[in-house]
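Asker: Model the structure of this input:
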Amino acid sequence: MFWYEADIQQLESKLSSLPPASDRVVFYGSSSIRLWTTLAQDFPQINTLNLGFGGSTLAACTWFFERVLVPANPKSIVFYAGDNDLGDGRHPEEVYLFFCTFAKKLSTILPGIPLSFLSIKISPARWGIVDQIRFANTLILREIEKYADYQFVDMASPLLGSDGKPRREFFEPDGLHLSPAGYRMWKQVVQKQARIF
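Answerer: Here you go, the predicted structure:
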């Protein structure tokens, strides 16, 4: 995990500069979170804090849990990860196990903090592993159903066209990261999740 160290140190520095707060909704995860630069404008009714770090995997998010999430003192957590694990060739079962470890940590270290897991999106760049993405999402959904304070939010379906494939306008030219239109769609989905607000 050493290759994330510079990013994690930046997040730690960011956290140390913030005033104490108990009402933060922390958005945590990979570049799909890090690049969501309009969180404050999109959700002005809540105190958002972006703690995404680029290229991160679900395994990395779990590894750095104590260094990033605990000091943030979150009121609730919106979490997106798993995309890069699958992109790196991990099996859906492995991603599921990483999530189980994350969920266990959260329930043990920060009990009672609500979690909204944003499902792994289906992108043009990773269309070749669409079955693995869907299976990982299914496994994680089943696990989340065991926790009263956790919810699974389907972020993948709204990005698909009538043919079941990802709509290009929702993605940057790399076919992986969301475009401004993609983030506007995610904003609409998140706004419907009353448990976050």
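
Asker: Can you list the buried residues in the longest helix along the chain?
Answerer: As assigned by DSSP state H, the longest helix anywhere in the chain is helix 92-109. Across helix 92-109, burial judged by 16 or more other Cβ atoms under 10 Å covers Pro92, Glu94, Val95, Tyr96, Leu97, Phe98, Phe99, Phe102, Ala103, Lys105, Leu106, Ser107. Just so you know, the C-beta spots here come from the backbone N, C-alpha and C atoms, and that holds for glycine as well.

Asker: CA-only coordinates of that helix in PDB, if you can.
Answerer: C-alpha atoms of helix 92-109 as PDB (Å, rounded to 0.1, in the frame of the first residue of the first chain):
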ATOM      1  CA  PRO A  92     -15.600 -10.500  -7.300                       C
ATOM      2  CA  GLU A  93     -15.300 -12.800  -4.300                       C
ATOM      3  CA  GLU A  94     -12.100 -11.000  -3.300                       C
ATOM      4  CA  VAL A  95     -13.800  -7.600  -3.600                       C
ATOM      5  CA  TYR A  96     -16.700  -9.000  -1.500                       C
ATOM      6  CA  LEU A  97     -14.200 -10.100   1.200                       C
ATOM      7  CA  PHE A  98     -12.600  -6.700   1.200                       C
ATOM      8  CA  PHE A  99     -16.000  -5.100   1.700                       C
ATOM      9  CA  CYS A 100     -16.800  -7.500   4.500                       C
ATOM     10  CA  THR A 101     -13.600  -6.400   6.300                       C
ATOM     11  CA  PHE A 102     -14.500  -2.800   5.700                       C
ATOM     12  CA  ALA A 103     -18.000  -3.200   7.100                       C
ATOM     13  CA  LYS A 104     -16.700  -5.100  10.100                       C
ATOM     14  CA  LYS A 105     -14.200  -2.300  10.800                       C
ATOM     15  CA  LEU A 106     -16.900   0.300  10.500                       C
ATOM     16  CA  SER A 107     -19.300  -1.500  12.800                       C
ATOM     17  CA  THR A 108     -16.500  -2.100  15.400                       C
ATOM     18  CA  ILE A 109     -14.600   1.200  15.300                       C
END
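
Asker: Quick one: mean pLDDT for the helix or strand that it is followed by?
Answerer: Next along the chain after helix 92-109, taking DSSP states H and E as the criterion, comes strand 115-118. For strand 115-118, mean pLDDT is 98.

Asker: Equivalent analysis for stretch 52-59, please.
Answerer: When pLDDT is averaged along stretch 52-59, the result is 94.

Asker: which residues are in contact with that stretch?
Answerer: With contact meaning Cβ atoms under 8 Å, 6 or more residues apart in numbering, stretch 52-59 is reached by 4, 7-8, 11, 27-36, 60, 64, 80-82, 84-85, 88, 90, 95, 98-99, 102.
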